[in-house]
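A.B. asks: Structure for the following, please:
(chains A and B)
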Amino acid sequence: MGDQDFIDIIEENKQKIFRICKLYAMDPFEPEDLFQEIIYQVWKSLPGFQGQSAVSTWIYKIALNVSYRSNLKNKNLNKNMVKLDTIEVQEIKTVDERKDQAQYNALQECIRQLNKADQSILVLYLEELPYQEIAVIIGISENYVAVKMKRIREILFKCITPKLF
Amino acid sequence: MDDKNIIDIWKHSVDNLILNIDHATLISELKAKVNKLDRSIRIRNILEIAAALVLIPIFSYWAFQEPSLVFKAGCAITVLWGLYVIYRLISTRNNKPANLEDLPLKMQLVKQKEYLLKEVKLLDQVLYWYIIPFYIGQILLIGGLFFENDFSIPDSFPREGMVDQIIYFVLRFLPYYFFTMFIAFVTAFSYFVVKLNKDAAKNDLLPAIYEIEKIEEQL
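C.D. replies: Model (predicted):
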């Protein structure tokens, strides 16, 4: 894979990567920091990408792994997090900004009430990945994903319904 | 409220953000970052090995110059200690998982935990592989110098006046004072190294391991 392939991959997947960053970013890291580190790790892992799985599966694995690592708060594991000056995040005003933000905050709050493993399964589900792909990314069986999702959905709806209505 | 509503909220969560990536310079910046990191790792490794290599001629020369066998043994232990410390640090660092980011999450957690457990072991056992050989080496060095050299004051030294008596007394006990101070310093240094390492394992590594184990149980 060449430089242009890398750029294409990043352009195609940057929104989904940033959604994950927004959820997992925890002090002292901002979503932008996580985003930059994920881009860096994608670049570093690119030579080893054999194309055995879909590019999106590969990207989600890296995004989740980097996010988990950043949450471990271990100096040694996170001491080499990179900063990339060529990446900039700008916020724009939207018409329904307040409503959208309130809904997202409610969702984020409910996701964060789940345990870490369930959070990652739910995030991949919200990204509309099939159970089979979620199983590959997490490293568990497809059936187990289905069982877990049933319970996660129950908890999520119980939490979010009163917040949105 | 159904799945579609929730997915919509999730998917639109970054609609108000523009992610600007300067394609023209991103690749060169990434290459520069990788090179910089590789270079700093190479320099650090060279410096560590050079530090160990410097120990060998200095202590070998010192051991050659000093007739005391105890002192020679202290030099030998110090050189071996220095080499072993470098070997241990480098081999542990080489165990650090590299490029594991594209493994499945569960597998990546297993690898991270393995690495952190090795680090905990290294820090927890610092007394045995770092401090004890260092301590023995230093005690033999100073002991060899102190006990096998003549620090007595010549009889011709004047001891008549009060000032002479004080100077004589100070000089008489000066070697004991240095010996005691050196042992105290080495002991204090050893204590702090053990404490720092134990604290690092307890406060930095073990919480991360517990966190990984918690997620592993959830999976």
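
A.B. asks: Can you list the low-confidence ranges for the chain?
C.D. replies: Answering for chain A, as no chain was given. Applying pLDDT under 70 to chain A flags the ranges A:73-80, A:93-97.

A.B. asks: hm, I was asking about chain B
C.D. replies: Residue ranges of chain B with pLDDT under 70: B:98-99.

A.B. asks: So which residues of it form helices?
C.D. replies: Counting by DSSP state H, chain B has helices at residues B:3-11, B:23-65, B:69-94, B:105-124, B:126, B:132-147, B:162-200, B:206-218.

A.B. asks: Pick out the residue nearest the middle of the chain.
C.D. replies: Using chain A. A:I20 (2.4 Å; Cα atoms, centre = their mean).

A.B. asks: Hmm, no, I was thinking of chain B.
C.D. replies: Centre-nearest of chain B using Cα atoms, centre = their mean is B:L89, 7.5 Å out.

A.B. asks: right, and A:S141 touches A:I134 too?
C.D. replies: No - when contacts are counted by Cβ atoms under 8 Å, A:S141 is not listed as touching A:I134 (10.6 Å). (C-beta placed from N, C-alpha, C; glycine too.)

A.B. asks: Between these two, tell me which one has more neighbours.
C.D. replies: Using other Cβ atoms under 10 Å in any protein chain shown as the criterion, A:S141 and A:I134 rank with A:I134 on top: 25 against 12.

A.B. asks: Quick check: the more buried one vs A:A146, distance?
C.D. replies: Distance check for A:I134 against A:A146: by Cβ to Cβ, to the nearest Å, it reads 9 Å.

A.B. asks: OK, contacts around B:V14?
C.D. replies: A:Q15, A:F18, A:R19, A:K22 (Cβ atoms under 8 Å, 6 or more residues apart in numbering or on different chains).

A.B. asks: closest to A:G51 out of the helices of chain B?
C.D. replies: Proximity to A:G51 (Cβ to Cβ) singles out helix B:105-124 among the helices of chain B, at 19.2 Å.

A.B. asks: one step back: return the most buried member of the helices of chain B.
C.D. replies: Highest mean neighbour count of the helices of chain B: helix B:126, a mean of 21 (counted as mean count of other Cβ atoms under 10 Å in any protein chain shown).

A.B. asks: what does stretch B:181-188 rub up against?
C.D. replies: Contacts for stretch B:181-188 (Cβ under 8 Å, 6+ apart): B:F134, B:Y135, B:Q138, B:I139, B:I142.

A.B. asks: at 10 Å what do you get?
C.D. replies: Residues from elsewhere that reach stretch B:181-188, judged by Cβ atoms under 10 Å, 6 or more residues apart in numbering or on different chains: B:I131, B:F134, B:Y135, B:G137, B:Q138, B:I139, B:L141, B:I142, B:G143, B:L145, B:F146.

A.B. asks: What of stretch B:30-37?
C.D. replies: Outside stretch B:30-37, the residues that touch it by Cβ under 10 Å, 6+ apart are A:3, A:6, A:36, A:39-40, A:42-44, A:46, A:80, A:82-84, A:86, B:25.

A.B. asks: show me the contacts for the residue nearest to the centre of chain A.
C.D. replies: A:31, A:34-35, A:38, A:59-60, A:62-64, A:66-67, A:120, A:123-124, A:127.

A.B. asks: ok, which of those residues also contact chain B?
C.D. replies: Residues of the contacts of A:I20 in contact with chain B (Cβ under 10 Å from any Cβ of the partner chain): A:31, A:35, A:38, A:59-60, A:62-64, A:66-67, A:120, A:123-124, A:127.

A.B. asks: From the residues you listed, pick the one nearest B:I56.
C.D. replies: The closest of those to B:I56 turns out to be A:V66 (Cβ to Cβ; 42.0 Å).

A.B. asks: Tell me, how many residues neighbour the residue of chain A found nearest chain B?
C.D. replies: Using Cβ to the nearest Cβ, the closest approach of chain A to chain B is made by A:G139 at 3.1 Å. A:G139 sits with 16 neighbouring residues when counted by other Cβ under 10 Å.
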